[in-house]
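My questions concern the predicted model and sequence given below.
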Amino acid sequence: MYHAKPIVILMGPPGSGKGTQAKHLAVLYKWKHLSTGDLLRALLQAKDSDPEELKEAQTSTAEGHLSADWLIFRLAFRAIKEALETHGGVVLDGAIRNASQAAEFEKFFRVEHLWEQVRALYLEVNEEELIRRISSRRVCESCAAIYPERVNSDICLVCGGKIVQRADDAPEVVRARFKTQGRSVQQPIIDFFAEKNILRIIEADALEDVVFRRIQEALE
Ligand SMILES: [Zn+2]
């Protein structure tokens, strides 16, 4: 694929399958899958965490806001360097939240002579269609069976339990999620990588394995 170990920045709105595709890449190519959520959780659980880092992670988690940029950078940059020692590459999932963070990542990659290895991929989906799909999903309260489309009965076909809409899937909640994580907020990051000529847009309204093949082709 590359001579040097690839660093893939994977982007996409909620429901685009970004996390799943990142896992596939990690498994197939023996890359390290890095998500800031996982890095923060690991920091919170480790016995020997840096006190300053721990304090910021605890505060932001308790108050329900995003962690400070300096913490994200520190965790991500350290993890990327470690992963490149032990793995065949890195896939970054949801690490970059705005264009100024993207510029910091670029700076880091350039200082470490890694920039040539970086590729950015955006998984594009029809957001209106995705919002419709997520908000029409129903689940069984008892056995967690998923009903992709609205069903005529509210009795689970598997166990006879009650079929309900998860609070997370309510239309207004889904819309709010797209407002903060959808294409409109990611556009400046997409533009940033496009200007650097390292961005590929992947048409992701397709079956999981079809999308994965497109990702593989884009990385060749
Ligand atoms: Zn059930």
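Noted; the coordinates are in hand. Model, not experiment: these values are computed from the prediction.

the strands in this protein, which residues?
Assigned by DSSP state E, the strands in the chain fall at 7-11, 32-35, 90-93, 118-124, 138-140, 146-147, 163-164, 199-203.

just so I know, which of those strands lies nearest the ion?
Evaluated with CB to the ion, those place strand 138-140 nearest to the ion, the distance being 3.1 Å. Any C-beta I mention is one placed from the backbone N, CA and C, and that applies to glycine too.

What is that closest one packed up against?
strand 146-147, strand 163-164 (3 or more CB pairs under 8 Å, 6 or more residues apart in numbering; DSSP states H and E).

tell me the mean pLDDT for the last one?
Averaging pLDDT along strand 163-164 yields 94.

Same question for stretch 101-117.
97.

buried sites along the longest helix anywhere in the chain?
Secondary structure assigned by DSSP state H gives helix 69-86 as the longest helix of the chain. Buried residues in helix 69-86, counted by 16 or more other CB atoms under 10 Å: 71, 72, 73, 74, 75, 76, 77, 79, 80, 83, 84.

okay if I get the strands of the chain as TSV plus mean neighbour count?
Listed next are the strands of the chain as TSV, based on neighbours: other CB atoms under 10 Å:
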stretch	mean neighbour count
strand 7-11	24
strand 32-35	21
strand 90-93	25
strand 118-124	21
strand 138-140	19
strand 146-147	14
strand 163-164	16
strand 199-203	17
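
Got the phi and psi for residue 156?
phi -70, psi 130 (degrees, to the nearest 10).
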